[in-house]
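Participant: 3D, please:
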Amino acid sequence: MADAALRLTALAEELLGEALPVRIRAWDGSEAGPPGAPVLVVRHRRALRRLLWKPGELGLARAWVAGEIDVEGDLYQALGLLAGLIWERGGDPKDAVHPVRDPRLRAAARALLKLGGALPPPAPPAEEMRRRSGPLHTKRRDKEAISHHYDVGNDFYELVLGPSMVYSCAYWESPESTLEDAQRDKLDLICRKLALKEDERLLDVGCGWGSMAIHAAREYGARVVGITLSREQAAYARKRIAEEGLTDRIEIRVQDYRDVRDGPFDAISSIGMAEHVGSVRYQEYADTLYALLKEGGRLLNHQIARRPERDESEYRVDEFIDAYVFPDGELAPLGRTLATLEEAGLEARDVEPIREHYALTLRHWVANLESDWARAVRYTSPGRARIWRLYMAASALSFERNRIGVNQILAVKTPVSGASGMPLRARTWGAPQE
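Facilitator: Numbers count the residues shown, from 1 in each chain. As a prediction, this is how the structure comes out:
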């Protein structure tokens, strides 16, 4: 009798104490759960062995990447239902059940063992990051982490990001705007906040594929140094810059921010880069950027923020994101970031929260990926494409539900005189360039 889905549903509901809001279809063809709901497809019993050996998010992530579980129907709806049931009521799924000594959990493990088989644990998917031991955020380890995420093929990123090739939150005039217009508006907003002028020096920390550098040089006449740890990004950016005829104004380096020695700069942009720095290095990061700015120079820090914990020692990095997306990446609360920048000597002059803008951006990236799935898989791997689809869709929901945010912080290296150079009504930012 094919009843795996019924047994899985009963097991999940016993552990969670609630009815499962999604339908389950198992490898034996059986189905159970509410009709019309999104379907969680368990394609192979190997997925259960992954959960036995790695209960919680990492086990689920490995099964997803390997294609052993999938969602049929609206992915956002499925994630929203599961988030409300598990993650948003107590963090990691393994925390939603009692400790190992609880007899219910032991019974659940036995039930999974019967369904999944008693074979050894499956090897992690090839896309999982294999990291060196040792301290976090050394230069060598950071370079490996950045390469894992960004050196997966420029063709793949072109497909996902679109022509703008900007891998950070866009700035939307309305939901009906195009992704390209919204990304252009974001870059222009940053240039205006930095008050860039002809021939001023801009350091773009984490320059990606060169979009910010090109916009600042082409539209504002800035002279730009862009730094990245990704060789593929650097090669792509240099090609674009040559095609734009801007090689005399832009230099792209494969360089760690800690190794930049040719300051001072009139302005610094750090767009979606500080999330990689890590709490153990964040003060060093802020101190370094402060030292590289001239007096009166401006820093624009565009960074994802998490909600603060009552006890910050309880913060844990998301297992799926750490293993498959941004190894060693950490999110800090907005208040902690502001305090660190101020401790470095910078004066915070403006904070603009734009989390709804990131939700819109991510939904466009997911749509780009899904609309050309076969080509995305060809450019990278089935597992990698599945990672990006899941992490971008889940992140969109997190921004929409205010679980995480993103903020643009404008800070000034204000001189002793106190003359910040800021306008009395800063939010006007001047008119966009025609």
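Participant: pull the longest helix from this structure.
Facilitator: Scanning the chain for the helix with the most residues, using DSSP state H, yields helix 382-400.
Participant: point out the other helices and strands that that one packs with.
Facilitator: Judged by 3 or more CB pairs under 8 Å, 6 or more residues apart in numbering; DSSP states H and E, the packing partners of helix 382-400 are helix 57-65, helix 75-85, helix 154-161, helix 355-371, helix 373-379, strand 404-412. For every residue, glycine as well, the C-beta is placed using N, CA and C.
Participant: can you state the direction angle for that helix and helix 75-85?
Facilitator: 60 degrees (axes from the mean of the first three to the mean of the last three CA atoms, to 10 degrees).
Participant: run the angle between helix 382-400 and helix 57-65 for me.
Facilitator: An angle of 130 degrees separates the directions of helix 382-400 and helix 57-65 when computed by the same axes, to 10 degrees.
Participant: show residues contacting helix 382-400.
Facilitator: Contacting residues not belonging to helix 382-400 are listed as 64-67, 75-76, 79-80, 83, 125-127, 152, 156, 160, 320-321, 324-325, 355-356, 358-359, 362-363, 365-366, 369-370, 373, 376-377, 404-406 [CB atoms under 8 Å, 6 or more residues apart in numbering].
Participant: also stretch 223-238?
Facilitator: In contact with stretch 223-238 (CB under 8 Å, 6+ apart) are residues 142-143, 146-147, 150-151, 153-154, 165, 199-210, 212-213, 216-217, 249-257, 260, 262, 265.
Participant: change it to 7 Å
Facilitator: Stretch 223-238 is contacted by residues 142-143, 146-147, 150-151, 154, 199, 201-210, 213, 216-217, 249-257, 260 when judged by CB atoms under 7 Å, 6 or more residues apart in numbering.
Participant: didn't Ile409 look like it was pressed against Glu352?
Facilitator: No: with contacts counted by CB atoms under 7 Å, Ile409 stays clear of Glu352, the gap being 8.2 Å.
Participant: more neighbours, the two?
Facilitator: Of the pair Ile409 and Glu352, Ile409 is the one with more neighbours under other CB atoms under 10 Å, namely 23 against 15.
Participant: who does the more buried one bridge with?
Facilitator: Asn301, Val351 (DSSP bridges).
Participant: residue contacts, it?
Facilitator: Asn301, Thr337, Leu338, Leu341, Ala348, Val351.
Participant: most neighbours, which of those residues?
Facilitator: Asn301 (26 neighbours).
Participant: pretty sure it sits against Ala274.
Facilitator: Yes: using CB under 7 Å, Asn301 is in contact with Ala274, at 6.1 Å.
Participant: related to what we said a few turns ago, quick one: which of the contacts of Ile409 is nearest Ile24?
Facilitator: Looking at these and their distance to Ile24, the nearest is Thr337, at 41.3 Å (CB to CB).
Participant: that closest one - that's part of a helix, no?
Facilitator: Yes: using DSSP: H, G, I helix; E, B strand; the rest coil, the assignment for Thr337 is a helix.
Participant: give me the element the nearest residue to it once chain neighbours are set aside is part of.
Facilitator: Spatially, and ignoring its direct neighbours in sequence, Thr337 is nearest to Gln303 (6.3 Å; CB to CB, 6 or more residues apart in numbering). With elements taken from DSSP states H and E, the one containing Gln303 is strand 293-306.
Participant: then Tyr171?
Facilitator: Counting by DSSP H and E, Tyr171 is part of no helix or strand.
Participant: now for the residue positioned nearest the centre of the chain: which residues touch it?
Facilitator: Averaging the C-alpha coordinates of the chain gives a centre point, and the residue nearest to it by CA atoms, centre = their mean is Phe326 (6.8 Å). Phe326 is in contact with His149, Glu275, His276, counting by CB under 7 Å, 6+ apart.
Participant: now do the longest helix of the chain: distance to the chain's middle.
Facilitator: Using CA atoms, centre = their mean, to the nearest Å, the mean C-alpha position of helix 382-400 is found 9 Å from that of the whole chain.
Participant: using CSV, write out every CA atom in it.
Facilitator: What follows is helix 382-400 as a C-alpha-only set of coordinates in CSV (Å, rounded to 0.1, in the frame of the first residue of the first chain):
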residue,chain,number,x,y,z
PRO,A,382,20.8,22.2,-11.4
GLY,A,383,21.7,22.5,-7.8
ARG,A,384,23.1,26.0,-8.1
ALA,A,385,20.0,27.2,-9.9
ARG,A,386,17.8,25.6,-7.2
ILE,A,387,19.8,27.4,-4.5
TRP,A,388,19.4,30.8,-6.1
ARG,A,389,15.6,30.3,-6.7
LEU,A,390,15.0,29.3,-3.0
TYR,A,391,17.2,31.9,-1.4
MET,A,392,15.9,34.8,-3.5
ALA,A,393,12.3,33.8,-3.0
ALA,A,394,12.7,33.2,0.7
SER,A,395,14.6,36.5,1.1
ALA,A,396,11.8,38.4,-0.8
LEU,A,397,9.3,37.1,1.8
SER,A,398,11.7,38.0,4.7
PHE,A,399,11.9,41.6,3.5
GLU,A,400,8.1,41.8,2.9
